[in-house]
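[1] can't give you the sequence, but here's the structure:
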């Protein structure tokens, strides 16, 4: 049942009720916003701005510190791996482990067990008679001899 007059205009009771409803909701919202509204003077505005900016600085500083720390740790791991490989190379050269393959395998397995991030160790021997490569798969410590 529609409450409209014959000319298509809304019924007076309908517009009166709608207006009352709109006014009620408007008053309800304005009271709610007045309760939530903070009246900040200049001192509080500056204090809030300072607190927000300090929080942003703290978050940014924490992020940059984390990034920098990760980079330093990664660099340290890399330099440590290079150092251990260099020590292994010097021991192989000093004690001529290519003449005894068991000793060579024992030395490479020692390094492989101390460095779980090593996946494979390649050992090269350059000589005029025969260039050779020993490749050690660290996971199973298996050795494959490659003649070049």
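    Perfect, I can see it now. All values reported here derive from a predicted model rather than from experimental measurement.

[2] what does stretch 64-79 rub up against?
    With contact meaning CB atoms under 8 Å, 6 or more residues apart in numbering, stretch 64-79 is reached by residue 117. In short, each C-beta sits where N, CA and C put it, glycine included.

[3] mind listing what's buried along that stretch?
    Buried residues in stretch 64-79, counting neighbours by 16 or more other CB atoms under 10 Å, are absent.

[4] max-length helix in the chain?
    Once the chain is assigned using DSSP state H, the helix that runs over the most residues is helix 42-95.

[5] next structured bit after that helix?
    Using DSSP states H and E, the helix or strand that follows helix 42-95 towards the C-terminus is helix 101-114.

[6] now for that next one, which elements pack on it?
    If you count contacts as 3 or more CB pairs under 8 Å, 6 or more residues apart in numbering; DSSP states H and E, helix 101-114 packs onto helix 42-95, strand 120-125, strand 132-137.

[7] what comes up buried for that helix?
    Neighbour-count burial for helix 101-114 flags 104-105, 107-108, 111-112 (criterion: 16+ other CB under 10 Å).

[8] kindly report the same for stretch 84-96.
    Neighbour counts over stretch 84-96 (16+ other CB under 10 Å) mark 88, 92 as buried.

[9] avg pLDDT for it?
    Mean per-residue pLDDT for stretch 84-96: 83.

[10] specify the local secondary structure of residue 20.
    Three-state assignment for residue 20 (DSSP: H, G, I helix; E, B strand; the rest coil): helix.

[11] confirm for me that residue 98 is in contact with residue 107.
    No. Residue 98 lies out of contact with residue 107 (CB atoms under 8 Å); the separation is 11.0 Å.

[12] now do the shared contacts for the two.
    residue 92.
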